[in-house]
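# Need coordinates for the below:
(2 chains)
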Amino acid sequence: MSFHPNEVARRARVALLLIGGALAILVIAFFRTQIIRNQEWALRSEENRLREVPLPAPRGNIVDRTGRILAENVVGYTVSILPQSLDSLRGTLQRVAGLVPLSRGEIDAAVRRYRRSPVRPTVILPDATFEEISVLEEHRIDLPNLIIQSSPKRYYPAGSAVAAFIGSIGEVSDSELTTPAFDGYKPGQLVGKQGLERQYESTLRGREGSRFVEVDARGRVVREVGAREDLQPQQGTPLYTNIDLDLQEYVAQLFGDSLTGGAVALEPRTGGVLALYSAPSWDPNRFVGGVSVAYYDSLLHDPRAPLYNKATQGTYPPGSTWKLATAVIGLSDSLVSMDSHMPQPCTGRFYYGNRYWACWDASGHGDLTLSEAIEKSCDVYFYQLGLRIGLTRLIAGGLQLGMGQSTGIDLPEDNRPRFPDRLKYFDEKYGPNGWTPGATVMNMSIGQGENAQTVLGMAKFYTALAEDGMEATPEIRTMAPQRSRIFSLSPDQLANVRSALMGVVRAGGTAASAQIKGVMLAGKTGTAQSGVRKNGVELNHAWFAGFAPADDPKIVVVVMLEFGGHGPRAARIASSIIGHYLKTTPTALLETGG
Amino acid sequence: MRTSGRIRLDWPLVATAVVLSLYGIAVVYSAGQTDVPTAVAHVYRQQILWFGLGLCAAYLVSRASVRLLEWATVPAYVGTIAVLVLLLFIGKGSGTAASSKSWLVLGGVRLGQPSELAKITVVMMLAKVLAGYRQAPRALVELWKPALIVGIPWALVMLQPDLGTGIVFVGIFFLMLFWAGVSWELLVLLASPVISLVLAFSTSLWGAWFLLLLALVIWYKPYLWESVFVVGANVVSGVVAPLLWSHLGAYRQSRLRVFLDPNTDPLRSGYHVIQSQVAIGSGGWFGKGFTMGTQKRLAFLPEQHTDFIFSVVGEELGFIGVTVALALFAFLFYRVVRVAARASDSYSSLVAFGLLGLWFTHVVENVGMTLNLTPVTGIPLPFFSYGGSFMFACWLAVGLLARISSEGRGGGEGQIAL
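Here you go, the predicted structure:
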């Protein structure tokens, strides 16, 4: 063994070099980690310990034309978990379920929310009761990763009365998140699902705030870290509407629990929607915080289909209310005047194409002018008028009156009516030999056949009748009216049309029972064949479309009762609505039958 | 040269060790300061106790002459082997290494980890054997005796299993051979099969290594059959490695894979290393302040009082704290090299350098591991990591070094200007 001092000194130098080199490498490595890459690691350290807890923004209020609240926010509570992993989430859910009732569905929903967005706190009770909160607060120590916070909860004071247009809110869905319209949304946030809530989502939603909590490695909340001022939630913009809540609630009350159908009240000059109702209705408050499966199923399986909006989505043959369209087309094309008679007087039926076509009144109306035919709603007169106009011109005229378009209302539920867009439509549907123009034009001229309109669409058409051919687009939000002329008649003709419509609601007219004391009401009944039979008898939709006062229209009302029998029934409801709005009493109060 | 009474104390050496121990105890105290308190909150008291015991032991050892120690070397080594064999039957696990059998437990009392003391007796035994060589070995076959002396305890430790201590034995072995004058070429040839084993996972890397090795063999000209043996062993290693890999337990496989890239398993095996890097990296120049490290406080940093204690230094005291600690170690090592170089005889010199090898391996492996420069093996940092046996063993080593230093040549007396 060589331990000569020179040898030892050489080895000692090598050893010191080796040691110094190794330690220098370590120091360089620490310099690189701590100084050069400091920001990166510091950020990861912050991400480790801080969890962002979103503070939901209160949605903007929705108010009616008088300032009454349609939708607001009340104090609610949400309970969420800051899970480390799916296993820890399940573990906490198990413990929570031992303290407060937690359904299978709620647990599954929480797991789904976690999978969608593991970094955000997983909401387990979106709308917890005060009792639930008290129990959970008591067991805070055992549930260290629980976050309980008060958060604004949507509330609709008028409940089911306003469901048809207010819509509902719910958690943003996976499919919604993939669309550009929901850019910037995060899983678990609440969004408008229907109605105004959806239509005006972007202004109503406000801006979500956030606060931070410090957590330890096991996800236990160790302390609150104060929220920054700029991270406070901001309430959404309020939405001012044309709705008259008083009238809306009155309409809801008129329909009650038994009637099915839709009703719309518009301001003819502006198109402002005063009331829009679909019966039966549903309670939008029960959709807040997640609709229960039981309630949703009951709505879904109700044969009267409450979730289907009968004012804006349902299309129904308009029946005789459409005869005004036929009349306007004939008058515009100068094929007829208000005093014109048809070749054949009404004998209760009309012979055409090898068969008899019945008038609704089998006893016949005799020889009528157009004015009288409107008052009496004589089918035989309109069969002949339709044949005189011809199918091509009837379709073209109908399209010009907007019968083929959706109404343009500011609601997502705005269905297009069914109306042929061209003659070929019939060839395509029935084959070139499957139909005859004559029979088709006769059917269409009385509002049957290939013609199904929404209640709202008919109301829009009647704004033009009330306003000398100027139609107004229905608008729920208060904004600049959009009007356009859809027909031009001479003042003479207009006066005659109006007086014919007033005749409907006078003694001898089809809706004589719908008169209102002191108010000149103008309107048209309709009894539309639905094609649905029950016990061998065809069920009819009852319609009434009208406006008042006739000389200076303030309100257009269309009422449709699904399978509701005859027009006069709808007329009495409509006249009650008008009477309520104009603060007068109908002469004959609503009664059953007729 | 005095053999009794007051010794000429190597103050710089002892003072550095004291400062390192106090620094360590402070960090152990800080490691216990977590937001959700655990048992770690009070371990610094035990650490102080063991520090005290270690000081006493060091004092006693420094009273004993090196000759007495040399005389006691063989019995101590035999006794160590006996205890290590015994451990395989009655050893107990602890903490994160619950399945390992490294703890000696008698009557329910945890006495300590004998493998910490074994490191010192192995150093002494190896020194005795190497000191007996007249000339530095030039052939591999001449190394059979030192290899056996390290190999037996190494095998026993690996059976516990305790990979960390195994690595320390290897480090001690190579560094002491170096100090004994074994040429670097022979050391490379000796290590070559293991290097082949590691490099075999990349065919091109292994190929390059193999060519280098061939060049070395031709240049160094060992005995023919030794050349054949070394080359053959390397080829076998290269072939065997993939087979060996598939025989490794899933736990070891993931440890190795995570060393190559911690992000392959960020939530389990890679978690420790990633969180350690986050802690150190977020420390910056001056750290988050003593006891204020969030990674540690909020329990993101695992084993913060034992294996990853240096991460606490990095997080709370920053780059400055790290540099101070490493500088203290550097000075300690310098003083130990000085002791070894000035030792009065080759046995003392080899013991001193062996103890340096022990500490150096520990420091490089432990500190490197916190930044993922070395694989995570769970060996403690001298004077820092909480653990009685190792603190005690380190101070025993300080005592030995103080004695050797006092018996060695004084400053300026020798030809060596260290």
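# Give me the most central residue, chain A.
A:Gly195 (2.7 Å; CA atoms, centre = their mean).
# Isn't that one up against A:Ser168?
Yes - with contact defined as CB atoms under 8 Å, A:Gly195 reaches A:Ser168; the gap is 6.9 Å. No exception for glycine: its C-beta is placed from N, CA and C like everyone else's.
# For B:Glu316, give me its contacts.
The contact partners of B:Glu316, by CB atoms under 8 Å, 6 or more residues apart in numbering or on different chains, come to B:Val27, B:Ser30, B:Gly283, B:Gly287, B:Lys288, B:Gly289, B:Phe290, B:Thr291, B:Met292, B:Gly293, B:Lys296.
# Would you check how far apart it and chain A are?
12 Å (CB to the nearest CB, to the nearest Å).
# Would you mind checking the average pLDDT for the strand or helix carrying that residue?
Secondary structure assignment for B:Glu316, by DSSP states H and E: helix B:309-342. Averaged across helix B:309-342, the pLDDT comes to 95.
# Show me what counts as buried in it.
B:309-319, B:321-323, B:325-326, B:328-342 (16 or more other CB atoms under 10 Å in any protein chain shown).
# Can you give me the first-to-last residue distance of stretch A:445-464?
Stretch A:445-464 has an end-to-end distance of 19 Å (CA to CA, to the nearest Å).
# What average pLDDT does it get?
The average pLDDT within stretch A:445-464 is 93.
# got it, and stretch A:16-32?
Stretch A:16-32 shows a mean pLDDT of 95.
# how far away is the nearest residue to A:Trp435 once chain neighbours are set aside from A:Lys323?
Spatial nearest neighbour of A:Trp435, excluding adjacent residues (CB to CB, 6 or more residues apart in numbering or on different chains): A:Phe426 at 4.9 Å. Per CB to CB, to the nearest Å, A:Phe426 is found 21 Å from A:Lys323.
# which one of the two has more residues nearby?
The residue with more neighbours, out of A:Phe426 and A:Lys323, is A:Lys323; 25 against 20, by other CB atoms under 10 Å in any protein chain shown.
# OK, contacts around A:Gly390?
A:Pro437, A:Val441.
# Show me which residues of the stretch 51-200 of chain B are close to chain A?
B:Leu130, B:Ala131, B:Gly132, B:Tyr133, B:Arg134, B:Gln135, B:Ala136, B:Leu175, B:Phe178, B:Trp179, B:Ala180, B:Gly181 (CB under 8 Å from any CB of the partner chain).
# Quick check: closest non-adjacent residue to A:Tyr308.
In space, A:Tyr308 is closest to A:Gly314, 6.2 Å off (CB to CB, 6+ apart).
# Check which helix or strand A:Val8 maps to.
Judged by DSSP H and E, A:Val8 forms part of helix A:5-31.
# dump the residue contacts of the residue of the stretch 301-450 of chain A found nearest chain B.
Here the stretch 301-450 of chain A gets closest to chain B at one residue, A:Pro412, 43.2 Å apart by CB to the nearest CB. Listed by CB under 8 Å, 6+ apart, the contact set of A:Pro412 reads A:Gly167, A:Gln194, A:Gly195, A:Arg198, A:Gln199.
# If I look at it, what pLDDT would I see?
94.
# Now do the phi/psi pair for it.
Main-chain torsions, A:Pro412, degrees, to the nearest 10: phi -70, psi -20.
# For A:Leu494, give its distance to A:Glu467.
10 Å.
# Please parse chain B into its domains.
B:16-182+B:248-407, B:183-247 (automatic domain parsing).
# Run a quick neighbour tally on A:Thr203.
14.
# Tell me the buried residues in the helix or strand that contains it?
Per DSSP H and E: A:Thr203 is located in helix A:201-204. Using 16+ other CB under 10 Å as the test for burial, helix A:201-204 gives A:Glu201, A:Leu204.
# Kindly report the same for stretch A:300-310.
A:Ala305, A:Pro306, A:Leu307, A:Asn309, A:Lys310.
# can you put these in CSV and add distance to A:Ser377, secondary structure and pLDDT?
Below are the buried residues of stretch A:300-310 laid out as CSV (distance: CB to CB, whole Å; DSSP: H, G, I helix; E, B strand; the rest coil; pLDDT from 0 to 100):
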residue, distance to A:Ser377, secondary structure, pLDDT
A:Ala305, 29, coil, 92
A:Pro306, 31, coil, 93
A:Leu307, 33, coil, 93
A:Asn309, 28, coil, 94
A:Lys310, 23, coil, 94
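# Now the two most distant members of those residues.
A:Leu307 and A:Lys310 (10.5 Å; CB to CB).
# Next, work out how far apart B:Ile280 and A:Ile19 are.
Distance, B:Ile280 to A:Ile19, using CB to CB: 22 Å.
# Same question for A:Val505.
Taking CB to CB, one finds A:Val505 at 109 Å from A:Ile19.
# Perfect, I'm done here.
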